[in-house]
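> mind folding the following:
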Amino acid sequence: MSHVEVISREMIKPSSPTPQNLRNHKLSFLDQIAPPVYIPLIFFYHPELGYDIDRAQKSQLLKQSLSDTLTRFYPLSGRIKNEFCIDCNDAGVEYVEAHVHAQLSNVIENPNIEKLKQYLPIEPYGISAAMGREALLAIQINFFDCGGLAISLCISHNIADGPSLVTFTNAWAATARGAIENVTPSFDLAFHFPPRELSGFKPTTGITTEKIVTRRFVFDKMKLATLKDAASSATGSLVKDPTRVEAVSAFIWSHFIEVAKSKLAPKKAFVAIHAVNLRSRMNPPLPDHAMGNIWRIATALSMCEGEIGFGDLLSKLRSAIRKIDSDYVKDLQIGDGYLDFLKKRTENYSNGEVEFCSFSSWCRFPVYEVDYGWGKPAWVCTTTLPFKNVVILTSTSCGEGIEAWVNMLEDDMNRLECDHLLISLDAPKIND
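Below is the predicted model:
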């Protein structure tokens, strides 16, 4: 059992002041409609490499390199002024140091999913940066008894998506290890998606007050091969070359549907929502280091009449994802129909007639490249989410497997874990 003791809290500001002409950072339309929550990531590092660097040296190195990095990522040190812009006032990011009375190996070899939030600097879903009072980025450095480290970051979704967070983290790590080449981020998303008057639309967190539990299902290389073979040969499948993300997403969606069908309340339809990175789908494409909420959702619909097959769901999912192309982005840039779509989805969600499940794949994020000078991380993870039927997909440390972080109502999770197909794939749950 680990015990986390907070040692210090402070604000880290950019090492150079932000020029006056950059003080007002425009939020894009996509930033405006992002959920008012934080995105959490935790990076765990073994003590073996760089063990000769003591805690005080590491602390000073991380603080100074963070300050230097914030000069280039200046909006992260600001505060939200209103729904249209950020005041880049160099107020700083929250920086916490803590001592963990435990061995790192005990934490990552048998992780207790419910306890991971203790390594975060803030509760990512309990507060909002929307009112402009809180830092847009918060960081906690956790020093373990053995010399290992856990570095956690929580970034406001009002200004960044997952790729943006990883871009910043890799830039910070590169600065810390003294890398000569380093990324220059771009903050011009509002040029491509100008902010709009939202006409009464208010982004929601999606947080439920019902009891949600989180399970981590691990699919290694062999299990993924079995799953992809099953997907390509399944009845109704038009996809003969599924990606690992497509196969896992459709597989879990099919089990969500079975759980929903087993309940007394009938559903009219089942919808899978998959987050899609727009950077490479724009014309011309945006660079990987473009900052902001550069994503939208693909929506796959399955009606509840008759048998719903794995292959059919996979085909629907791929078709929906491929519709997020350059033409889709153009419509998103010039039309107002997307707000109507969001309002309609909210109505469908609230009336209970449609069963939604949401997927977000972080598998291509270069999280295992984040090296501060003492080696690459042993494990990178998120935490529990207070959202119903939400799945986060991440790569395993070797890069060949997938971890599926599944968040469901407690009773629904019990039904899911009894599913004979899930058991037959032997995808273990690890949480306590």
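> for stretch 276-296, buried residues please.
Using 16 or more other Cβ atoms under 10 Å as the test for burial, stretch 276-296 gives 276-279, 281-282, 286, 288-296. Using the backbone N, CA and C atoms, a C-beta is placed for each residue, glycine as well.
> what's the span of that stretch, first residue to last?
Stretch 276-296 has an end-to-end distance of 5 Å (criterion: Cα to Cα, to the nearest Å).
> which residues touch it?
28, 30-31, 33-34, 73, 75, 157, 159-164, 167-168, 183-189, 192, 275, 297-298, 321, 324-326, 328-329, 332 (Cβ atoms under 8 Å, 6 or more residues apart in numbering).
> again, only this time at 6 Å
Applying Cβ atoms under 6 Å, 6 or more residues apart in numbering, the external contacts of stretch 276-296 come out as 28, 30-31, 34, 161, 164, 167, 183, 185-187, 189, 275, 298, 324-326, 329.
> which of those fall within helices?
Among the contacts of stretch 276-296, the members falling in helices (DSSP state H) are 30-31, 164, 167, 189, 326, 329.
> farthest-separated two in those residues?
Greatest spatial distance in the ones in helices among the contacts of stretch 276-296: Thr167 and Ser326, 22.3 Å, computed using Cβ to Cβ.
> more neighbours: which of these two?
Between Thr167 and Ser326, Thr167 has the larger neighbour count (other Cβ atoms under 10 Å), namely 23 against 13.
> if I look at the more buried one, how far off is Ala290?
8 Å (Cβ to Cβ, to the nearest Å).
> rewinding a little: save the ones in helices among the contacts of stretch 276-296 as a markdown table, and put in distance to Arg415 too.
Below are the ones in helices among the contacts of stretch 276-296 laid out as a markdown table (distance: Cβ to Cβ, whole Å):
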| residue | distance to Arg415 |
| --- | --- |
| Leu30 | 36 |
| Asp31 | 37 |
| Ser164 | 36 |
| Thr167 | 39 |
| Leu189 | 41 |
| Ser326 | 41 |
| Val329 | 38 |
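> quick one: contacts for the most centrally placed residue in the chain?
Residue closest to the average C-alpha location in the chain (Cα atoms, centre = their mean): Gly162, at 4.9 Å. Gly162 makes contacts with Trp362, as judged by Cβ under 6 Å, 6+ apart.
> one more time with 8 Å
39, 295, 360, 362, 365.
> from those, which land in strands?
39, 295, 360 (DSSP state E).
> can you list these in a markdown table and add pLDDT?
Conversion of the ones in strands among the contacts of Gly162 to a markdown table gives the following (pLDDT from 0 to 100):
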| residue | pLDDT |
| --- | --- |
| Ile39 | 96 |
| Trp295 | 96 |
| Ser360 | 97 |
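> out of those residues, which comes closest to Gly206?
When those are ranked by distance to Gly206 (Cβ to Cβ), Ser360 comes first, at 12.2 Å.
> thinking again about what came up before, of the ones in helices among the contacts of stretch 276-296, buried ones?
Buried residues within these, counting neighbours by 16+ other Cβ under 10 Å: 30-31, 164, 167, 189, 329.
> pLDDT and distance to Val218 added to the residues you listed, as a markdown table?
Putting these into a markdown table (pLDDT from 0 to 100; distance: Cβ to Cβ, whole Å) gives the following:
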| residue | pLDDT | distance to Val218 |
| --- | --- | --- |
| Leu30 | 95 | 32 |
| Asp31 | 95 | 33 |
| Ser164 | 98 | 27 |
| Thr167 | 97 | 26 |
| Leu189 | 96 | 35 |
| Val329 | 94 | 34 |
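> hang on, the earlier thing: now render the ones in strands among the contacts of Gly162 as CSV, adding distance to Lys263.
Converted to CSV, these look like this (distance: Cβ to Cβ, whole Å):
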residue, distance to Lys263
Ile39, 31
Trp295, 31
Ser360, 25
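> ends of stretch 396-407, how far apart?
19 Å.
> what lies in contact with it?
With contact meaning Cβ under 8 Å, 6+ apart, stretch 396-407 is reached by 113, 212-221, 223-224, 244-245, 248, 252, 363, 368, 377-382, 384-395, 413, 416, 427.
> PyMOL command to pick out the buried ones of those residues?
Provided next is the PyMOL selection string for whichever of these are buried by 16+ other Cβ under 10 Å:
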select buried, resi 113+212+213+214+215+216+217+219+223+224+244+245+248+252+363+368+377+378+379+380+381+382+384+385+386+387+388+389+390+391+392+393+394+395+413+416+427
